[in-house]
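>>> here's my sequence, what's the structure:
(one chain, ligands or ions: 1)
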Amino acid sequence: MATSAKVNASLKQPAHPVSTAVTDEDPSVEGEIDGLPRVHVHVPLDDSDLEDAAEADGELDEWEDTESLYGDVLQEMGDDQLFDGEPDACTLEEAVAFRQQLRAIGPMEFCRTTVEAGTISAKKLLTAFGLKPPPFLEGEDDDAYYPLLSLALSRELSKRIKLTQYNSVDDAVDLIKNAKNIIVLTGAGISTSLGIPDFRSKDKGLYAKLEYLGLSDPQEVFDINTFRDDPSIFYTIARDILPSTDRFTPTHAFIHLLQQKGKLLTNYSQNIDNIESIAGILPEKLIQCHGSFATASCVECKYQIPGETIFPDIKAGRIPKCPKCIASLKAQAGTSMKRKRSQNGQSKKRGRYDSGADDSTDDDLDTAKGGIMKPDITFFGEQLPDRFSDRLTNHDKHLVDLVIVIGTSLKVAPVSEVVPYLPAHIPQMYISKTPVSHVNFDIDMLGECDVVVAELCRRAGWDLNHEMIPEKQKLDIKLQDGFTSRHLFSTEE
Ligand SMILES: [Zn+2]
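I've put the predicted structure just below:
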């Protein structure tokens, strides 16, 4: 009891200074962070509490508070980094053993036999739970790591437990063949093989392209307030993210095949490219969590039109105007309207990144008064589509019998909230290039998702006809060292 009490008690002590890794945008973490005492810790006392804790409503929100509080200070370590041979980090085998031990004996006994018995330092034990000891604690007593360890243990216990009966690729195939109500969660990774940029990827995605525009935070482009202030910022890059294809990937075809076989419950997509629709996913089976270009609405009067109506404007780098607002402005202005032109001939409000489009008659109106059309993709600061939570909580949760996550790292809400929300006994599998460590999937299949789904279909005896699937592809599937259910897919060129 003593140490876990100590670990918990240490949460109430003054926090350690965090002067590094503080962002200027967030005043709440400036200077001395007195956030540590605010960390919510609800370590279950015995195993019977585990399920209750995992199902407790609102837990998710609390975790988000905790994690956003630490923000950039916390560095996650993927399981693969545990192999790096750092002297202060656990090996994967050690980590797996510690995690099992924690579940088996509960956090109090776990602390007693580890940090309190002096068999391992709290600093090193953190790494077994995927947390990197933060630089600001370097050189401190080991006690200083207790609050973080407490957080790490709670977080581990709140994770879904992997179902041990599902491990192999053939297990995945059997699950898919036997399932009747599959939730498929998709992200940018399922469209990249068409050359559509992953605009959330920091290194090479659209955000990197945006740096030349001088934006301090490229997310500004998708911020509704920025858009209201200066829509030209968004319309400077909109043509780059405009879906300009009638093609879809083998992965889209796979989801469509699940639908044809009557197995698709819902496809929750993070993508705004609307390619799911092109591939034939029915509107009633599709939730585009961040909206799409399929429709566009006026930011002022909410007048909605088919998205393709404004595609010519987007492609030309022009700011599309609302026909309804324009009409009523014209009616109001009548013939007596004074043209609002400034002396040098520029209209009054020009964007920072004006595309230089010629003024047309419509531009002569004071467009600052409104009437800008915006594609119905969900911007930061805008509400998510209502259908998302309605469908998830009132429909899917009770029906789902398999979860397949494809091409997303599950870091962005709301898709990131779907998996922890679903009943823990429902099998979950993961298909993507890079593994994630914050969710325990039953089966991980890492590689190009087009390649993985093609192989799953081949083994299921299903025809996944798609021109992007080579007729005879040489495939290499390896079980990653130290794992029982993580498979690495690669093709031989
Ligand atoms: Zn309007």
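>>> hey, let's count contacts and neighbours off CA atoms from now on
Fine.
>>> give me the most central residue, this structure.
With distances taken as Cα atoms, centre = their mean, the residue of the chain nearest its centroid is residue 412 (2.6 Å).
>>> secondary structure class for that one?
Here residue 412 is recorded as coil under DSSP: H, G, I helix; E, B strand; the rest coil.
>>> measure it to residue 385 for me?
Distance of residue 412 to residue 385, given as Cα to Cα, to the nearest Å: 15 Å.
>>> burial of the residue in the stretch 151-300 of the chain that the ion sits nearest to, as a residue count?
Relative to the ion, the nearest point of the stretch 151-300 of the chain is residue 298 (4.5 Å; Cα to the ion). When neighbours are defined as other Cα atoms under 10 Å, residue 298 has 22 of them.
>>> also the one 5 residues further on?
The burial metric for residue 303, expressed as a neighbour count using other Cα under 10 Å, is 15.
>>> cool, and residue 472?
A count of neighbours around residue 472, defined by other Cα under 10 Å, yields 6.
>>> show me this structure divided up by domain.
70-158, 169-196+245-290+385-491, 197-244+291-331+368-377 (the TED database).
>>> want to throw the ones you listed into CSV with mean pLDDT?
Shown next, in CSV, are the domains of the chain (pLDDT from 0 to 100):
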stretch, mean pLDDT
domain 70-158, 82
domain 169-196+245-290+385-491, 92
domain 197-244+291-331+368-377, 82
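>>> what does this structure put close to the ion?
Contact residues, the chain versus the ion (Cα under 5 Å from the ion): 298, 301, 322, 325, 371.
>>> in strands, which of the residues you listed appear?
Mapping the residues of the chain next to the ion onto strands (DSSP state E) picks out residue 298.
>>> in helices only, show me the residues of the chain next to the ion.
Counting by DSSP state H, those place residue 325 in helices.
>>> can you give me the buried ones in the longest helix along the chain?
The residue-count maximum for a helix in the chain (DSSP H) belongs to helix 92-111. Buried positions in helix 92-111, judged by neighbour count with 16 or more other Cα atoms under 10 Å: 92, 95-96, 98-99, 102-103, 106-111.
>>> elements contacting that helix?
Under the contact criterion of 3 or more Cα pairs under 8 Å, 6 or more residues apart in numbering; DSSP states H and E, helix 92-111 touches helix 2-9, helix 47-55, helix 122-128, helix 146-158.
>>> list the buried residues of stretch 180-195.
By neighbour count on 16+ other Cα under 10 Å, the buried set for stretch 180-195 is 180-191, 193.
>>> all strands of the chain, in order?
With DSSP E as the criterion, the chain has strands at 75-76, 131-132, 182-186, 264-269, 286-288, 291-298, 304-306, 373-377, 402-406, 428-432, 443-446, 474-479, 486-492.
>>> wait, isn't the residue of the stretch 151-300 of the chain closest to the ion in contact with residue 320?
No - in this structure, residue 298 is not within contact of residue 320 by Cα atoms under 8 Å, at 9.4 Å.
>>> what sits in contact with each of the two?
372, 373, 374 (Cα atoms under 8 Å, 6 or more residues apart in numbering).
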